[in-house]
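[1] Model the structure of this input:
(one chain, ligands or ions: 1)
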Amino acid sequence: MLNIVLCLLVQLPFLRVEAALVAPDALILNISATATHPIPSTLYGYMWEDISHSGDGGLYAELLQNRAFQGVIPGTQNALNAWQPFNGARLSVTSKTAGISASLPNSLEVQIPKVVSGPIGFENTGFWGIKVQSGWTYNGSFYAKAASFSGTMTVSLKSTGGTILATKEISGISKKWKKFTFEFQPSASAENEQNVFSVVVDGKAAAGQTIFFGMFSLFPPTFRGRENGMRIDLAEALAATQPGVWRFPGGNNLEGLSFDTRWKWNETIGRLEDRPGRVADWGYPNTDGLGLLEYLNWAEDLGAEPILGVWDGISTANYSELDTWTIVPEADLQPYIDDVLNELEFIVGDAKTTEGGKRRASLGRTEPYALKYIEIGNEDMFQPDSYAGYRWNAFVTAIGAKYPNFEFLATTLPSTALTPAYQRIDFHMYSTPTWFTANAFMFDAYPRNGTQWFVGEYAVTSTNETNTLGDLPSGRLANPTLQGAVAEAAFMTGMERNSDVVFASAYAPSLQHIRSYQWTPDIITYDAMNMVKSTSYYVQQMFSLNKGTHVLSTTPVASNDTAPLFWVASYNNDTDVVSLKVSNAGTQDLVANIFLDGFSATKFASAVSLSSPVLSPISGQFSASNTLEEPEQIIPVSTAFALPFSDRFNYTFRAMSVTVISVQAATALDV
Ligand code: AHR
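    Numbers count the residues shown, from 1 in each chain. Now for the predicted structure:
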């Protein structure tokens, strides 16, 4: 009784405050100490494929574009993409002389005219520029041969204005292919990315000669110093969101435009000289320098669970015309199933007793990778008949017989009946802010029958309900906007609250080179020098870093009635932190009186919030984006504040904002 009286007395001042806040906008929200379910560590992550130069020219740190003339037609102008002559040399890509390896038959043929003087040669313009940074060591290499030229070659990094930023002399060229390696250590940083890699010889000494070059490479320092590794700023940005899953290698880029140009795992491993590369799905050749092992190592570096997409007998041909897609008939499927079995043995096979494991070990990795999730194909809802008819069954049955512990993800619509029945299904959605807020509760009503959902691709892509993947004039977003990110956050509160059935999600696509892209919006945009984190990036980071281990129940539960406020509360049983993630998708600031029900907090709370930089925004400002020109228009703001009471406080959620409030529970909750 005494307790009740004390409690009422303590609450009185707060009730007065609450009364002042109630009408018209205050929400009274109770966060209980009761957990509804654990949150899987896989809940937030990314879908990955090489699109918009996210791999070559993006995360893959190689600086030279078209480094080995892969996926091009010799003798065409196009084959010289990113290469240009310097001082009158004649360049062509040829396969008439033997290439440096069976996998790389194309070479650069450089003809030096008979009457020339001064340095003459060629340049590579990189991926629309090259970042030159003092203090960095660049590791370069190339192959060369010439019938009768044996003079010195000079390799340099230089600005397009002609300033030499780093240079090395190379000698020893002969009739046979030889690999030359060198290092650059620029003493000054270039002003901008407008720099080239150049190779020149002395015109007089080389007059009339032909020199062949093959497979170039130039690497800056990489993420964690990995050889053949990742671009540091992009890798660090992705790692800083601590993704729980990494779905790869596609997406459409898994499927190929034809069976033969599908992503072939075995052509992405081993020496770079033995990787042929491919004509890929998104309009530019892939080097496959970023191959299966690089992806698996990267997922390990991230601490993310890999979700491996395996090719399941479908290629997309002309993407927008479904009847041009090619499907392997049932009778011809076995070799492709065997290929997937070989891929899996390569990944998880014992290094001593299996051929695949031995091969992996020969490439430096003895320990099998921890792989659990296998996704059968990609978006097979576009070809459901053959998927339901035989493809799903054939792959799942064969893989399951050899690897009973793998878990399979289906890619058809949930309503498509599959044999065996799917346990996990991948759901994709690219849509408008309105769709994402309106569907924030879609998983609330999903049957708890053992089926697990993977939201394997999602993003707000447009403001046009009737054309969500159209062009910019018809509403497509060039970059994630504040409004889009807030809507994604609203949807994500629904995923987290329902993470007993939503086991994972993957924002898509991940990266975009601003000078050559096929898809907008993307989570990180960059050029050769700089990058920008989008509003959607920050939402992913805020949610992932504050994911917690258990969902806590709240009263009321977020619902359509409580929109435009969307929320989820969670508890982290490692740190005893209780987090409340709130998306305010409305255009008004909204107040909540927040009560900690059944537990108390230490005196300080922290909040991180993403909102308009303008305190009184007009509605147009909600469509603001971060761009390379204005990278920090909208960035999360962190605050720490004292709680007026150990079990309640008020908070104003700014119009069009995403906020994560964290309080430290005074004692551990019994979840
Ligand atoms: O994320 C871009 C593309 O969208 C993916 O490749 C495909 O799966 C989806 O249609």
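[2] which ones are touching the closest residue to the ligand within the chain?
    Shortest the chain-to-the ligand distance, computed as CB to the nearest ligand atom: residue-wise this is Gly251, at 3.0 Å. In this view, the C-beta of every residue, glycine as well, is placed from N, C-alpha and C. Shown here is Gly251, whose contacts under the criterion CB atoms under 8 Å, 6 or more residues apart in numbering are Met47, Trp48, Glu49, Ile51, Asp281, Gly309, Asn378, Glu457, Ala508, Pro509.
[3] Most neighbours among the residues you listed, which one is it?
    Neighbour counts for the contacts of Gly251 were taken using other CB atoms under 10 Å; the highest belongs to Trp48, with 30 neighbours.
[4] Please list all residues in contact with it.
    If a contact means CB under 8 Å, 6+ apart, then Trp48 has Ser54, Trp246, Arg247, Phe248, Pro249, Gly250, Gly251, Tyr295, Pro509, Ser510 as its contacts.
[5] what about the closest residue in space to Val663 that isn't next to it in sequence, distance to Phe641?
    Once flanking residues are discounted, Val663 sits nearest to Ala601: 3.9 Å by CB to CB, 6 or more residues apart in numbering. Plainly put, Ala601 is 12 Å away from Phe641 if you go by CB to CB, to the nearest Å.
[6] Could you show which parts of the stretch 101-250 of the chain are in contact with the ligand?
    With CB under 6 Å from any ligand atom as the criterion, the stretch 101-250 of the chain comes near the ligand at residues Gly250.
[7] show me where the stretch 101-250 of the chain has strands.
    Along the stretch 101-250 of the chain, the segments classed as strands by DSSP state E, counting those that start in this stretch run 107-111, 119-124, 138-146, 153-159, 164-170, 178-184, 195-202, 210-219, 245-248.
[8] any chance of those strands in CSV, with mean neighbour count and mean pLDDT too?
    Written out in CSV, the entries for the strands of the stretch 101-250 of the chain read as follows (neighbours: other CB atoms under 10 Å; pLDDT from 0 to 100):
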stretch, mean neighbour count, mean pLDDT
strand 107-111, 22, 98
strand 119-124, 22, 98
strand 138-146, 21, 98
strand 153-159, 21, 98
strand 164-170, 16, 98
strand 178-184, 15, 98
strand 195-202, 23, 98
strand 210-219, 22, 98
strand 245-248, 28, 98
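[9] The ones you listed: which one's closest to Val614?
    strand 245-248 (35.4 Å; CB to CB).
[10] can you list the residues that contact that closest one?
    Outside strand 245-248, the residues that touch it by CB under 8 Å, 6+ apart are 42, 44-49, 295, 298-299, 302, 304-309, 373, 375, 456, 504-506.
[11] Around the ligand, pick out the residues from the stretch 451-600 of the chain.
    Residues of the stretch 451-600 of the chain found near the ligand, taking CB under 6 Å from any ligand atom as the criterion, are Glu457, Ala508, Pro509, Trp519.
[12] At the geometric centre of this structure, which residue sits there?
    Centrality entry for the chain: nearest residue to the mean C-alpha point is Ser510, 3.4 Å, by CA atoms, centre = their mean.
[13] Give the rounded mean pLDDT of stretch 27-36.
    Confidence for stretch 27-36, expressed as mean pLDDT, is 96.
[14] so how far is it from its chain's centroid?
    Using CA atoms, centre = their mean, to the nearest Å, the mean C-alpha position of stretch 27-36 is found 34 Å from that of the whole chain.
[15] what distance separates the start and the end of stretch 197-209?
    Stretch 197-209 has its terminal residues 22 Å apart, counting by CA to CA, to the nearest Å.
[16] Likewise for stretch 394-412?
    15 Å.
[17] Surely Ala207 touches Val116?
    Yes: checked against CB atoms under 8 Å, the pair Ala207 and Val116 is within contact range at 5.6 Å.
[18] circling back: and the furthest pair within the contacts of Trp48?
    Using CB to CB for every pair in the contacts of Trp48, the one that comes out farthest apart is Tyr295 and Pro509, at 15.2 Å.
[19] Okay, and Gln664 sits in which element?
    Applying DSSP states H and E as the criterion places Gln664 in strand 657-665.
[20] strands paired with that strand, and their directions?
    Paired strands of strand 657-665, with direction, are strand 577-584 (antiparallel), strand 601-610 (antiparallel) (DSSP bridges).
[21] Could you dump those strands into JSON lines and include mean neighbour count?
    Converted to JSON lines, those look like this (neighbours: other CB atoms under 10 Å):
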{"stretch": "strand 577-584", "mean neighbour count": "26"}
{"stretch": "strand 601-610", "mean neighbour count": "18"}
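[22] so which of those comes closest to Ser616?
    Comparing the strands paired with strand 657-665 by their distance to Ser616 (CB to CB), the top pick is strand 577-584, with 15.0 Å.
[23] from the middle of its chain, how far away would that closest one be?
    In this view, strand 577-584 has its centroid 25 Å away from the chain centroid, taken as CA atoms, centre = their mean.
[24] Give me the mean pLDDT for that strand.
    Confidence over strand 577-584 (mean pLDDT, whole number) is 98.
[25] dump the residue contacts of the closest residue to Ala665 other than its chain neighbours.
    Across the structure, with CB to CB, 6+ apart as the measure, the residue nearest Ala665 apart from its sequence neighbours is Asp576 (4.5 Å). Asp576 is in contact with Gln664, Ala665, Thr667, Ala668, Leu669, counting by CB under 8 Å, 6+ apart.
[26] Try it again at 10 Å.
    Contacts for Asp576 (CB atoms under 10 Å, 6 or more residues apart in numbering) come out as Phe599, Ala601, Thr602, Val663, Gln664, Ala665, Ala666, Thr667, Ala668, Leu669.
[27] Quick check, pLDDT for the closest residue in space to the third one that isn't next to it in sequence.
    The reference is to Thr602. Spatially, and ignoring its direct neighbours in sequence, Thr602 is nearest to Gln664 (4.5 Å; CB to CB, 6+ apart). In this prediction, Gln664 carries a pLDDT score of 97.
[28] try Gln621
    Each residue has a pLDDT score; the one for Gln621 is 87.
[29] my read: it touches Arg654, true?
    No: taking contact to mean CB atoms under 10 Å, the distance of 11.9 Å between Gln621 and Arg654 leaves them out of contact.
[30] Now do the shared contacts for these two.
    Common contacts of Gln621 and Arg654 (CB under 10 Å, 6+ apart): Ser612.
[31] so who does the closest residue to Arg515 other than its chain neighbours touch?
    With sequence-adjacent residues excluded and distances taken as CB to CB, 6+ apart, Arg515 is closest to Trp128, at 3.8 Å. Trp128 makes contact with 53, 57, 65, 82, 193-194, 513-516, 527-529, according to CB under 10 Å, 6+ apart.
[32] ditto for Phe649
    Residues counted as contacts of Phe649 (CB under 10 Å, 6+ apart) are 14, 17, 592-596, 601, 605, 641-643, 661, 663.
[33] Going through the residues you listed, which ones are buried?
    Among those, those buried by neighbour count (16 or more other CB atoms under 10 Å) are Phe14, Ala592, Asn593, Ile594, Phe595, Leu596, Ala601, Ala605, Leu643, Ile661, Val663.
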